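Q: predicted model and sequence follow; I will ask about them next.
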Amino acid sequence: MNLVSIRIITADINSLVKFYEQITGVSVAQYTPDFAELQTNTATLAIGSTKTLQFFGGESVAQASQNRSAIIEFLVEDVEKDYERLADFLQPYIVQKPTTMPWGNKSLLFRDPDGNLVNFFTPVSEQAIKKFENKK
């Protein structure tokens, strides 16, 4: 079994598409006005509008802008460089500037326009580097 995708449901798909393109530098493929995907080597971040909920049983299945538990994480080459590149753009969204975590990753934590937590991280300890050496 492989985890291949995480989907965010939003009331403003265009805002999230632009945000994720800006922070990642990757073009998001928008297949319809209500569905888009940001594809990386290891997984896909799907972005669906609230209109797509009808296919899953109705609007009560998921609620846009209500996430309070999940963090969308991106393994990046150098979190400090990404922070420098995005500092002005991310200013209203930053939760924590680059900080080394006890488990060996240096993390930049911020929110997207819907309030979802996003983590850019770079392994910095020997153990963390080894853990992620095959994920790049």
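A: Cool, the structure landed. Numbering: from 1, shown residues only.
Q: okay, now the unreliable bits of the protein?
A: Applying pLDDT under 70 to the chain flags residues 54-62, 136.
Q: which stretches of this structure form strands?
A: Here the chain has its strands, by DSSP state E, at 5-10, 29-32, 35-39, 44-49, 71-75, 94-100, 105-111, 117-123.
Q: let's check: the centremost residue of the chain is which one?
A: In the chain, the centroid-proximal residue (CA atoms, centre = their mean) is Ile72; its distance is 4.1 Å.
Q: excluding covalently adjacent residues, which one is nearest to it?
A: Nearest residue to Ile72 in three dimensions, chain neighbours excluded: Val118, at 4.9 Å (CB to CB, 6 or more residues apart in numbering). Quick note: C-beta positions are derived from backbone N, CA and C, even for glycine.
Q: sorry, back to before: pretty sure the residue nearest to the centre of the chain sits against Gly115.
A: No. Look at Ile72 against Gly115 with CB atoms under 8 Å: they stay out of range, at 11.7 Å.
Q: break this protein down into its domains, please.
A: 1-66, 67-136 (automatic domain parsing).
Q: count the neighbours of Ser49 for me.
A: Ser49 has 19 neighbouring residues, counting by other CB atoms under 10 Å.
Q: from Ala11, how far out is the closest residue to it other than its chain neighbours?
A: In space, and not counting its chain neighbours, Ser49 is closest to Asp34: 4.0 Å by CB to CB, 6+ apart. In this view, Asp34 and Ala11 are 11 Å apart by CB to CB, to the nearest Å.
Q: enumerate every residue touching the residue nearest to Ile72.
A: Taking CB atoms under 8 Å, 6 or more residues apart in numbering as the criterion, Val118 is in contact with 23, 71-74, 109-112.
Q: between these, which is nearest Ala46?
A: Closest approach between these and Ala46, by CB to CB: Ile72, at 11.2 Å.
Q: tell me the contacts of that closest one?
A: 6, 8, 45, 112, 116-119.
Q: please indicate which of the residues you listed are buried?
A: Buried residues within these, counting neighbours by 16 or more other CB atoms under 10 Å: 8, 45, 112, 116-119.
Q: would you list those residues in JSON lines and tack on distance to Ser125?
A: Output for the buried ones among the contacts of Ile72, formatted as JSON lines (distance: CB to CB, whole Å):
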{"residue": "Ile8", "distance to Ser125": "30"}
{"residue": "Leu45", "distance to Ser125": "26"}
{"residue": "Asp112", "distance to Ser125": "28"}
{"residue": "Asn116", "distance to Ser125": "27"}
{"residue": "Leu117", "distance to Ser125": "22"}
{"residue": "Val118", "distance to Ser125": "22"}
{"residue": "Asn119", "distance to Ser125": "16"}
